[in-house]
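sequence plus predicted model, see below.
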Amino acid sequence: MQNLSDVLASSSTPEKLKAVLTVTTETCIAISDALKQGSLAGILGMAGNENVQGEEQKKLDVISNDMLKDALFACPAVRAIASEEEDYIVPANTDGEYFIAFDPLDGSSNIDINAMVGTIFSIYHQTGNSPAVEADFLIPGKEQVAAGYVLYGPSTMLVLTTGNGVNMFTYDPTKQIFTLTNENIQVPEETQEFAINMSNQRFWSDSIQSYINELIKGKDGSRDKDFNMRWVAAMVGDVHRILCRGGIFLYPWDNKDPAKPGKLRLMYEANPMAMLLEQAGGKAHTHTQRILDIQPEAIHQRVAVVLGAANEVDKCLSY
Ligand SMILES: O=P(O)(O)OC[C@H]1O[C@](O)(COP(=O)(O)O)[C@@H](O)[C@@H]1O
Ligand SMILES: [Mg+2]
Ligand SMILES: [Mg+2]
């Protein structure tokens, strides 16, 4: 069976990008080990701080962020990082060639109930002669050279694209390596499963209300089929399900909190997941445009997200 280094060696992945991916995924293994310790290591619960977005940080948000930051800083190929848990981009090595944006722990509200969480990452090639500044990294998602996530579930899995399809790897604790278990993932064009946080219904636009109402009516409405609903409360878990068996995921615009008109963050949640979905034959849009075409205006920018089965995303956007 092939492992991650075999797959990277047989692809045209540049050596320095391989180094960045190796450091990122090895650190995720260490995060996975820490998560397994849970309460035994005293790492659950709140950190007592807020991040720049006004969200209370869990201890594990801070621990996983520090682990990734320290490891990536020690990698000479890394020029700068951006993280959900860092107020600003953090310049690393001026000679480095890669910029990594990450959500160190996605789905942190799941930590305390021992449910699925993950690490999401997005990588760009970017060089310069002086220390990196934020403006250097406001690059549209279509320029990503690699994107992926590590899911900490019953097994630890890496899902990765370097622009030639999507592969899934399962962590083998006996050998301490990621083994290729699902090659060239494809998301079916049609689906009967959707994911949305229904408790926000009254805050959605009229078009999203109408679309979801038709899904709920199922065979009794215009869709002629019944739909099932799932919500992991961690984007990484919902996207993983869609890559495994299809579906559509929505975190639409809402007017619940005028400061957050779309909950998910473009640079380290929407863009990497959009690249994975497109590489697997699916689609990823806001209400009005392809996510990968968005010109970012800030590192922590939020966007509405509709992603998954190609025909179902089109159907949603037609409302
Ligand atoms: O509170 P809700 O509406 O269920 O939100 C769930 C969403 O929030 C997120 O957990 C945000 O991620 P973080 O845990 O990294 O802040 C997404 O992963 C998920 O889809
Ligand atoms: Mg997140
Ligand atoms: Mg997070």
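Yep, it's here. Ligands and ions are numbered 1, 2, ... in the order given.

for the one residue in the stretch 151-300 of the chain that gets nearest to ligand 1, what are its contacts?
The stretch 151-300 of the chain approaches ligand 1 most closely through residue 235 (3.5 Å), counting by C-beta to the nearest ligand atom. (C-beta placed from N, C-alpha, C; glycine too.) By C-beta atoms under 8 Å, 6 or more residues apart in numbering, the contact set of residue 235 is 106, 107, 120, 249, 251, 264, 269, 273.

which parts of stretch 241-253 are buried?
The neighbour-count check on stretch 241-253 (16 or more other C-beta atoms under 10 Å) flags 241, 242, 243, 246, 247, 248, 249, 250, 251, 252, 253 as buried.

name all residues that make contact with the last one.
Contacts here follow C-beta under 8 Å, 6+ apart; on that basis residue 253 touches 204, 205, 208, 261, 262, 286, 287, 304.

can you pick out the most distant pair from the residues you listed?
Farthest-apart pair in the contacts of residue 253 is 204 and 286; separation 13.8 Å (C-beta to C-beta).

in the stretch 101-250 of the chain, which spans are helices?
206-217, 235-245 (DSSP state H, counting those that start in this stretch).

could you dump these into CSV and include distance to ligand 2?
Formatted as CSV, these follow (distance: least, C-beta to the ion, whole Å):
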stretch, distance to ligand 2
helix 206-217, 21
helix 235-245, 6
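
looking at those helices, which is closest to ligand 3?
helix 235-245 (9.3 Å; C-beta to the ion).

the closest one near ligand 3 anywhere?
No. Helix 235-245 is not in contact with ligand 3 by C-beta under 5 Å from the ion; minimum separation 9.3 Å.

going forward, count from 860.
Right, with 860 as the first residue, what we last looked at is helix 1094-1104.

how far off centre is that helix?
Helix 1094-1104 sits 10 Å away from the centroid of its parent chain (C-alpha atoms, centre = their mean, to the nearest Å).

show me what contacts residue 999?
So residue 999 contacts 1151, 1152, 1153, 1154, 1155 (C-beta under 8 Å, 6+ apart).

and it, how far from residue 1059?
28 Å (C-beta to C-beta, to the nearest Å).

quick check, nearest of the buried residues of stretch 1100-1112 to residue 1081?
residue 1107 (16.3 Å).

which non-adjacent residue is nearest that closest one?
residue 1167 (3.7 Å; C-beta to C-beta, 6 or more residues apart in numbering).

correct me, but the one you found touches residue 1050?
Yes. Using C-beta atoms under 8 Å, residue 1167 is in contact with residue 1050, at 6.7 Å.

in terms of neighbours, single out the busier of these two.
Legend: neighbour count by other C-beta atoms under 10 Å for residue 1167 and residue 1050, higher for residue 1167 (31 against 23).

now the buried members of the contacts of residue 1112.
1063, 1067, 1121, 1145, 1146, 1163.

out of those, flag the one nearest to ligand 2.
residue 1121 (12.9 Å).

and residue 1044, what does it touch?
Contacts of residue 1044 (C-beta under 8 Å, 6+ apart): 1018, 1024, 1025, 1026, 1027, 1102, 1103, 1139.

and residue 1014, how many residues sit next to it?
Neighbour number of residue 1014 under other C-beta under 10 Å is 12.

do the same with residue 1114
11.

thought it was touching residue 1065?
No. Using C-beta under 8 Å, residue 1114 makes no contact with residue 1065, being 11.6 Å away.

related to what we said a few turns ago, can you tell me which of the buried residues of stretch 1100-1112 end up in strands?
With DSSP state E as the criterion, strands contain 1107, 1108, 1109, 1110 from among these.

and the closest residue in space to residue 945 that isn't next to it in sequence, what element?
Once flanking residues are discounted, residue 945 sits nearest to residue 924: 7.0 Å by C-beta to C-beta, 6+ apart. If you go by DSSP states H and E, residue 924 is part of helix 918-932.

and that helix, what does it pack onto?
helix 874-896, strand 905-909, strand 937-942, strand 957-965, strand 976-984 (3 or more C-beta pairs under 8 Å, 6 or more residues apart in numbering; DSSP states H and E).

circling back: looking at the ones in strands among the buried residues of stretch 1100-1112, which is nearest ligand 3?
Relative to ligand 3, the closest of these is residue 1110; by C-beta to the ion it sits at 13.8 Å.

is the closest one in a bridge, and if so with what?
residue 1164 (DSSP bridges).

show me what contacts it?
Counting by C-beta under 8 Å, 6+ apart, the residues that residue 1110 touches are 1055, 1056, 1094, 1121, 1122, 1123, 1163, 1164.

columns pLDDT on top of those, output as JSON lines?
Compiled in JSON lines, these are given as follows (pLDDT from 0 to 100):
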{"residue": "1055", "pLDDT": "98"}
{"residue": "1056", "pLDDT": "97"}
{"residue": "1094", "pLDDT": "98"}
{"residue": "1121", "pLDDT": "87"}
{"residue": "1122", "pLDDT": "93"}
{"residue": "1123", "pLDDT": "97"}
{"residue": "1163", "pLDDT": "97"}
{"residue": "1164", "pLDDT": "98"}
